[in-house]
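Colleague: Sequence first, predicted model second:
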Amino acid sequence: MTALITGASSGIGRDMARALAGRGIDLILTARRTERLEELRRELEQTYSIRGEVIGCDLSQAENCLALHRQVQGKADILINNAGFGLCGSFAETELPEEMRLIDTNIRALHILTKLFVQDFRRQGRGWLLNVASSAAFLPGPKMAAYYASKSYVLRLTEALFEELRREGSPVSVSVLCPGPVRTEFSQVADVRFLLGGMDSQKVADYAIRQMFRRKLVILPGAAMKAARFLERFVDEKTLLRCSWHMQQRR
């Protein structure tokens, strides 16, 4: 088997590559920072004797998403859409170009790759899709409005696709990962710190891969996130807004 992982140069994407390599799965790694990808490829090939391929790609450009699909079409049995980033600040004050880049990366790129690879998987009669969202997908996001909204899109798109494939009897597996705060470079890039402590990235990645192969639809790592998801059902929207406001603060 071969897995394509976007945003594989750091964080959960990098650690999911390690989790898959540990299962003997070959990898196609893509991100903008190819030097990091090459280091990871060498590490995994030497440690696990798998085959790795590196493709440098800026997925915020739609044409690059199409080119990536053409380049690896027919090679990948697993697609992990992990590329994405956050942006912190009041909606009226954040820079529009950065928000458009966030939307292009977190939504448009994921949408394009999900559609093209699921079409391939359906024709092949096999395949695994794991889209990386966030616990932010379940909440409104003051101070990170565009990011939270983008992750809600990822969650709802994946859920709808799951039901469509289930009803047609397709063997293609569809999952979405919704972790809470994780100790990665995300907070530095987004310029945000979280009131809740972050989970270990490798533990989240290992759990996500196990649950993906169990065909779990919504993957929630950690007891705290499961409890929070349950309790959220009993809280009104305005209270959720206030809670969400206090869950992140600007550096």
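Modeller: Right, received. Where do you want to start? Numbers count the residues shown, from 1 in each chain.

Colleague: Tell me the pLDDT of the nearest residue to residue 44 once chain neighbours are set aside.
Modeller: Nearest residue to residue 44, sequence neighbours excluded (C-beta to C-beta, 6 or more residues apart in numbering): residue 21, at 4.2 Å. All C-beta atoms are positioned from the backbone trio N, CA, C, and that covers glycine. Model confidence at residue 21, expressed as pLDDT, equals 98.

Colleague: For residue 21, list the residues it contacts.
Modeller: 27, 44, 47-48, 50, 52 (C-beta atoms under 8 Å, 6 or more residues apart in numbering).

Colleague: Quick check: closest non-adjacent residue to residue 135.
Modeller: Excluding its sequence neighbours, the residue lying closest to residue 135 (C-beta to C-beta, 6+ apart) is residue 180, at 4.5 Å.

Colleague: Hmm, the one you found is touching residue 138, no?
Modeller: No. Residue 180 is beyond contact range of residue 138, at 10.3 Å (criterion: C-beta atoms under 8 Å).

Colleague: Surely residue 87 and residue 149 touch.
Modeller: No. Contact criterion C-beta under 8 Å: residue 87 and residue 149 do not qualify, at 11.1 Å.

Colleague: of these two, who's got more company?
Modeller: Counted by other C-beta atoms under 10 Å, residue 87 and residue 149 do not tie: residue 87 has more neighbours, with 22 against 18.

Colleague: Pull the contacting residues for that one.
Modeller: Residue 87 touches 94, 98-99, 102, 144, 146-147, 190, counting by C-beta under 8 Å, 6+ apart.

Colleague: which of these are buried?
Modeller: 94, 99, 102, 144, 146-147, 190 (16 or more other C-beta atoms under 10 Å).
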